[in-house]
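S.K.: Show me the folded form of this:
(one chain, ligands or ions: 1)
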Amino acid sequence: MVVGYRTYLEQIVPLLEGKEVVRAGMRAEVARAREAVSRARSGRRVAVVSGGDPGVYGMAGPVLEAAREAGVIDLVTVVPGVTAATAAAALLGAPLVHDFAVISLSDLLTPWEVIAARLEAAAAADFVIVIYNPASSRRDWQLVRAREILLRRRSPATPVGIVRHAGRENEETVVTDLAGMLAYPVDMGTTVIVGNSRTYAAQGRMITPRGYRW
Ligand SMILES: C[S@@+](CC[C@H](N)C(=O)[O-])C[C@H]1O[C@@H](n2cnc3c(N)ncnc32)[C@H](O)[C@@H]1O
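M.R.: Alright, predicted model coming up:
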């Protein structure tokens with residue numbers, strides 16, 4: 001059987017044929033994970049569907065926690081996928097060829113003060129910064145504040161890549177900079193990559209030098 005959030009299940013309809021499917025709503029991650037573990041304990045083979053890589057802000061966490069709670073952690077196998085950071089990076093060019101940090105701007109489960117401190121630390125250490133969950137219909141100010149924090153440490157000309165719906169039909173890719181980034185729409189399906197002090201834009205692509213001599 002297959003357990004998953006509705007939007008993700010809609011993307012794999014051909015794979016669901018003949019299978020029992022449990023469609024869950026958003027923000028029901030703990031219930032979804034417990035349901036999957038409970039079915040697996042009763043002997044079913046259960047697949048929990050997650051977007052991108054299940055181990056990056058995905059369902060691997062709640063499923064393993066539910067399995068630990070039930071004492072059946074050995075029942076779980078985590079299957080890796082392509083995470084939004086690398087899917088977006090491939091479309092933008094080569095922004096992640098040096099050290100990078102991934103930070104989610106969602107303050108639903110993490111206090112904003114923690115997120116802001118991480119942005120500040122990553123900016124101070126000159127990491128390329130990959131931003132997940134930049135905005136949603138209910139969260140519209142976090143990216144504005146994140147940009148203010150980054151501008152304290154980085155030039156307004158720092159390249160910024162914005163990728164919406166990577167790998168989907170309505171995929172959109174923009175290369176801009178810290179000064180101009182807020183002119184472009186972002187939503188729950190968008191990943192933003194902010195370059196480090198050496199990242200440059202060339203012919204519409206973003207490149208972070210690894211340090212080779214040319
Ligand atoms: C809760 S995280 C889940 C990440 C997912 N597990 C992964 O590995 O990509 C959701 C965030 O991932 C990013 N994301 C997911 N799918 C994306 C896509 N197709 N294109 C761009 N960003 C995406 C967005 O930043 C979105 O707000």
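
S.K.: Kindly report the residues of the chain close to the ligand.
M.R.: 50-53, 56-58, 83-84, 88, 132-133, 163, 165-168, 188-191 (C-beta under 6 Å from any ligand atom). (Glycine included, C-beta is placed from N, CA and C.)

S.K.: ok, now with 8 Å
M.R.: Residues of the chain lying close to the ligand by C-beta under 8 Å from any ligand atom are 50-58, 81-85, 87-88, 104, 106, 131-134, 136, 163-168, 171, 187-192.

S.K.: Among the residues you listed, name the ones in strands.
M.R.: Among the residues of the chain next to the ligand, DSSP state E puts 104, 131-132, 163-164, 190-192 in strands.

S.K.: Please check these and keep the buried ones.
M.R.: 104, 131-132, 163-164, 190-192 (16 or more other C-beta atoms under 10 Å).

S.K.: pLDDT added to those, as a markdown table?
M.R.: Listed next are these as a markdown table, based on pLDDT from 0 to 100:
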| residue | pLDDT |
| --- | --- |
| S104 | 98 |
| I131 | 98 |
| Y132 | 98 |
| V163 | 98 |
| R164 | 98 |
| T190 | 98 |
| T191 | 98 |
| V192 | 98 |
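
S.K.: Mind picking the two most distant members of the residues you listed?
M.R.: Largest separation among these by C-beta to C-beta: S104 and R164, giving 16.6 Å.

S.K.: can you list the domain ranges for this structure.
M.R.: Domain ranges of the chain: 2-75, 84-207, per automatic domain parsing.

S.K.: Kind regards, and thank you for your time.
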